[in-house]
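Novice: sequence plus predicted model, see below.
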Amino acid sequence: MKVRFFSLTFIALVFGLFFSCGKEQSKPEAPTIVDLSNINGVKAVTVENFSGAPDSVGALLRQEIILPQFKRGVYYRPYTWPSAGNRIEAIWFKTIPDLLAFIPGRPRNLPKKNPITAQLKHGTFLSLELTDGQHMAILPIAGKEALSTFMPENGRLYLTTTNFGTEAVSGDLPLYVVAVADTPHRASNLVWEKALAMKGMENMAKLRHQKEYPEMYSYLGWCSWEHFQRSINQKNLSKSLALLKASELPFRWLMVDNGYLHVEGHQLVSFGVDSVKFPTGWDFLTKEKDDKIKWMGIWRNMTGTTSAVSSKHKMKKLEAHLFKKGNLMLSKPNPASAKAFYEEMATKTAKDGFDFMKVDFQCNNHVFYFGTANAVKASYFNQQALENAADKYLDGLLNCIAQFSPNVFNTRISSVTRNSVDYKANKDRFRYTTVQSFSNTLWMSPILWGDMDMFHSGYGPDKISRLASVARSISGGPVYLSDHPGHIKADFVHPIVYLDGKILGTLAPGTPVTESVYTDPFLSGKAYQVTAPLKNRCAALMSMNLNNNPQDVQASIKGEYYANANSMTKQSESSWEIPAEGLLAYDVHEGKARKLDGSFSVSVGQFEDQLTLLLPLRHGRAFIGRTDKYLGPQTYDLVEENADMMKIRLAESGSVALWSPDKTPSAKGVNFKKGKDGLWTAQLPVKAEERLIEIKFH
């Protein structure tokens, strides 16, 4: 959710404190200019035995970064400050002067209320395509006591390290990691792997594949926000639950978003409910969980609510753990108080019958502590306490407005974070959030699955609803809707899920192909292409036209995109090689197949998508899987095969396709129908015990 209220008086107060309280201090003997032009492999940079306090502008350390020669780059920074949460976005550039001259236009300059600005400071990640064809990634570190960010200024790129406070910092100070690799994806994996292993970074975050993915996010969900906004109450939520249960669609979870809290003005009184809107509390809802709606979640605010906790709060257990800052009450910046605050949040959530939390406005947490002793340390205590409490008392945590460094670097347990601003039923906002979500996967996916936010199945032209549906399918993250529960277009939901609501998913997050990593999809006149790895060593390639210009674009279908597909599985895994027999390209929407010889192009209209499956050919054939699902290879396991047969096990029965141009397939009880260009289709058995099928070829 985007920021809806933030006191200008409060911002003035914290910035006044932040910029006035520091004193000039002597700095450690660290280089003021760092030349990265000859880096090979991976390098982690730490200032050892650092000792110093923030200077008059809040900096502990400032270094100019000299970059190697490069062809093009992509720079990630928050487009608003100080509220930096879901506002990390990519800027594509060819030279540093290009970057510094950036001015946002359509569709980035939405929303009108909080327009995207040309501010370039506090950059969190940088990827470069070097002149020798290699790729460099630079990841500034957010540690336990200080964080580093890029600060372009006067035609130069600087790295500034700060704690947004007044307290001196001593000890080893991790600054950044830089890596050079053959793809931008591998370079990103390398910097994250190295960063989390640095001295001083222990137990802060883990790599994505080292964490558990919450079970409920593997199933179809519904969220109250986009349809009801803050206008939720006992009556309309009760009616919505009944409609979800009666729906033909297999919804398995429901999430109550903002609009229910016990507040006074914009400050938290308790983690309970507005008694006017919800006179009987949550029993009317959470006691209705059953075999269909198995899980329920609730929205929470990281600092209580938009303006923290009221001095008139009703939470006696927290009395000794809060302190007053201006007219705000905050958790004291120590581990015991952080633990008390987030255990109060999590235990109340569990007691009310909810299974998981969506915790919003996480980025604002460190902002509230600006001007105190150490805002980064306070945020570290709070983020880790949130992780621990959610893990101890609940089944899952969904991070929201949590893209800034102090949030991302503290995801030791949680595995899912929103990677865009709020979805809106607005064409420009829709294409902006789609690109923002996928572009952020380059730097976020090594440690997190991305959440593309809820969407409407029935918004606008069908082509937009389909694009939204396919994008969430290939993202690999949660899929949940926010239409009125009685007006959902099932045609854009069924291809994503099984009959029990389980999402087909992907083996790793969908990420832009290398060309799209560095290409502005709004102004380039090119297709924006995303790929993801699937089971059975297959890949999905989604090509989108999100350009400002309404003309069609040409999207290239290339074998190299198959190799790109598994780039975000694990850092240690090498790229997939194209098999000796080549690849089959299957057009999901058209139901057409062709052998991929080199490459070919397809035309994609504005707001349209092309979904291509890339399947390895073995013994002159390829099994595509379910044709009524977007990601057919996810629907089966290849158990055994040789030149004359293949044995497959379907996850669920349905219509399937296989490509066998030279031999005829047959199977007991199955009628294969011959189509064009070597394609065969069949309706496979319904009974579970018959889903292990042996297909012979003659």
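Specialist: Cool, got the structure.

Novice: which parts of this protein belong to which domain?
Specialist: Domain segmentation of the chain under automatic domain parsing yields 8-201, 210-496, 507-617, 620-698.

Novice: against K427, how distant is T372?
Specialist: 43 Å (Cβ to Cβ, to the nearest Å). For the C-beta atoms, the positions are set from N, CA and C on the backbone; glycine is no exception.

Novice: neighbour count for those two, which is higher?
Specialist: Legend: neighbour count by other Cβ atoms under 10 Å for T372 and K427, higher for T372 (22 against 16).

Novice: quick check: which ranges of this structure have low pLDDT?
Specialist: Counting by pLDDT under 70, the chain contains low-confidence residues at 1-29, 111, 570-574, 686, 688-689.

Novice: how far off centre is the longest strand that it contains?
Specialist: In the chain, with assignment by DSSP state E, the single longest strand is strand 169-181. Distance of strand 169-181 from its chain centroid, counting by Cα atoms, centre = their mean, to the nearest Å, is 24 Å.

Novice: name the residues of it that are buried.
Specialist: Judged by neighbour count using 16 or more other Cβ atoms under 10 Å, the buried positions of strand 169-181 are 169, 173-181.

Novice: following that strand, which helix or strand comes up?
Specialist: Going down the chain from strand 169-181, the next helix or strand is helix 184-196, by DSSP states H and E.

Novice: contacts for that following helix?
Specialist: Residues outside helix 184-196 that contact it (Cβ atoms under 8 Å, 6 or more residues apart in numbering): 42, 44, 125, 127, 129, 135-139, 141, 174, 177-181, 201, 204-207, 442-443, 445-447, 511, 514, 517-518, 564, 567-568, 570-571.

Novice: show me just the buried residues among these.
Specialist: Buried subset of those (neighbour count, 16+ other Cβ under 10 Å): 42, 44, 125, 127, 129, 135-139, 141, 174, 177-181, 201, 204-205, 207, 442-443, 445-447, 511, 514, 517-518, 564, 567-568, 571.

Novice: let me see the contact set for the residue nearest to A142 when sequence neighbours are not counted.
Specialist: Nearest residue to A142, sequence neighbours excluded (Cβ to Cβ, 6 or more residues apart in numbering): S405, at 3.4 Å. Contact analysis of S405 by Cβ under 8 Å, 6+ apart lists 124, 140-142, 147, 149.

Novice: any chance of CSV for these, columns distance to R77 and secondary structure?
Specialist: What follows is the contacts of S405, written out as CSV (distance: Cβ to Cβ, whole Å; DSSP: H, G, I helix; E, B strand; the rest coil):
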residue, distance to R77, secondary structure
T124, 7, coil
P140, 11, strand
I141, 16, coil
A142, 14, strand
L147, 14, strand
T149, 8, strand
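
Novice: of those, closest to Q362?
Specialist: The closest of the contacts of S405 to Q362 turns out to be A142 (Cβ to Cβ; 12.7 Å).

Novice: now the contacts of S405 in TSV, with distance to V263?
Specialist: Compiled in TSV, these are given as follows (distance: Cβ to Cβ, whole Å):
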residue	distance to V263
T124	32
P140	36
I141	36
A142	30
L147	31
T149	33
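
Novice: between those residues, which is nearest F409?
Specialist: A142 (4.1 Å).

Novice: in stretch 316-328, what's buried?
Specialist: 318, 321-322, 325, 328.

Novice: repeat that for stretch 207-214.
Specialist: 207-209, 211, 213-214.

Novice: quick one: which of these sit in strands?
Specialist: Residues of the buried residues of stretch 207-214 located in strands (DSSP E): none.

Novice: now, among those residues, which is nearest to K673?
Specialist: K673 lies nearest to Y213 out of the buried residues of stretch 207-214, by Cβ to Cβ, at 37.9 Å.

Novice: how much space separates Y518 from K526?
Specialist: Distance of Y518 to K526, given as Cβ to Cβ: 11 Å.

Novice: that should have said N49, apologies.
Specialist: Distance from N49 to K526, by Cβ to Cβ: 49 Å.

Novice: the two: which is more packed in?
Specialist: Using other Cβ under 10 Å as the criterion, N49 and K526 rank with K526 on top: 18 against 11.

Novice: ok, now which ones touch that one?
Specialist: 515-516, 519, 547, 553.

Novice: partner residues bridging T531?
Specialist: Counting by DSSP bridges, T531 is bridged to T511, L541.

Novice: what about it, neighbour count?
Specialist: The number of residues packed near T531 is 28, by other Cβ under 10 Å.

Novice: E590 too?
Specialist: 11.

Novice: that's a strand at it, yeah?
Specialist: No - E590 is assigned coil when assessed by DSSP: H, G, I helix; E, B strand; the rest coil, not a strand.

Novice: give me the most central residue, the chain.
Specialist: The centroid of the chain falls nearest to G450 when counting by Cα atoms, centre = their mean (1.9 Å).

Novice: ok, and the closest non-adjacent residue to it?
Specialist: For G450, ignoring the flanking residues on the chain, the nearest one in space by Cβ to Cβ, 6+ apart is N419 at 3.6 Å.

Novice: would you map the helices across this protein?
Specialist: 8-21, 96-100, 184-196, 225-228, 234-246, 283-286, 335-351, 364-368, 375-393, 405-408, 427-444, 462-475, 514-517, 560-564 (DSSP state H).

Novice: residue contacts, P478?
Specialist: Listed by Cβ under 8 Å, 6+ apart, the contact set of P478 reads 217, 221, 398, 416, 449, 451-452, 503.

Novice: got a winner among those for most neighbours?
Specialist: Using other Cβ under 10 Å as the neighbour test, the contacts of P478 are led by L398, with 27 neighbours.

Novice: state the distance from the residue nearest to that one when sequence neighbours are not counted to I298.
Specialist: Nearest residue to L398, sequence neighbours excluded (Cβ to Cβ, 6+ apart): K358, at 4.2 Å. Distance, K358 to I298, by Cβ to Cβ: 7 Å.

Novice: then Y562?
Specialist: Distance, Y562 to I298, using Cβ to Cβ: 42 Å.
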